[in-house]
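Q: quick one, fold the following:
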Amino acid sequence: MQERRKFIKSLLALSALLVLPMRALANNWNIPAFQAKKLPEAFAALQISNVSLSTDIKVIGPDKAENGAVVQIEVASQIPNTESITIFVENNPTALIANFVFSENTLPFVVTRIKMAETSDVLAIIKAGNRYFSAKKHVEVLENGCG
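A: The predicted structure follows:
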């Protein structure tokens with residue numbers, strides 16, 4: 001009986017140690033950016049400024065999305081030293097969709113499925129060093145996905 005109690009206590013302690021790193025990662029989320037209703041608010045929360053258009057970024061998505069609840073988007077950057085890819089949809093209830101941060105020597109490419117409330121541009125912002133670059137893809141939504 002004593003061994004069983006020790007085992008259960010050890011198991012609980014181990015599970016608590018496994019949960020701590022997840023909480024630490026959750027604390028790194030930029031809550032104001034993800035709650036921003038408009039692009040300028042999200043840009044300010046992420047400290048994005050002086051964005052340049054770039055042909056070295058490919059945003060691939062459908063021209064027309066049958067259902068805005070599931071829209072597949074791909075973003076690839078050929079900009080050297082890409083640190084992050086951030087995806088925005090201007091006409092969504094919240095503008096910021098995702099922020100992917102890459103470690104060194106990682107291929108800057110993401111494929112994700114997003115929700116779109118209505119027809120809008122999908123905007124990808126790439127951070128490389130202290131510079132920001134962008135590209136966009138216009139997606140027509142035939143059926144609302146956020147309602």
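Q: okay, helices next: where are they in this structure?
A: When secondary structure is read from DSSP state H, the chain shows helices at 2-27, 31-35, 39-46.
Q: average pLDDT across the longest strand anywhere in the chain?
A: Looking across the chain with DSSP state E, the single longest strand is strand 131-141. Averaged across strand 131-141, the pLDDT comes to 96.
Q: could you do stretch 101-109 as well?
A: Averaging pLDDT along stretch 101-109 gives 90.
Q: got it, and stretch 62-82?
A: Mean per-residue pLDDT for stretch 62-82: 94.
Q: spatially central residue for the protein, please.
A: By C-alpha atoms, centre = their mean, the chain has its centre lying nearest to A98, at 1.3 Å.
Q: that one contacts T86, correct?
A: Yes: A98 is within contact range of T86, at 7.1 Å (criterion: C-beta atoms under 8 Å). C-beta here means a position set from N, CA and C on the backbone, and glycine is covered the same way.
Q: kindly state the beta-bridge partners for the residue nearest to the centre of the chain.
A: Assessed by DSSP bridges, A98 has beta-bridge partners I87.
Q: kindly report the same for K58.
A: A76.
Q: tell me how far it lies from K136.
A: Taking C-beta to C-beta, to the nearest Å as the measure, K58 falls 11 Å from K136.
Q: hang on, the earlier thing: can you give the contact residues for the longest strand of the chain?
A: 48-65, 68, 71, 73, 77, 79, 116-126 (C-beta atoms under 8 Å, 6 or more residues apart in numbering).
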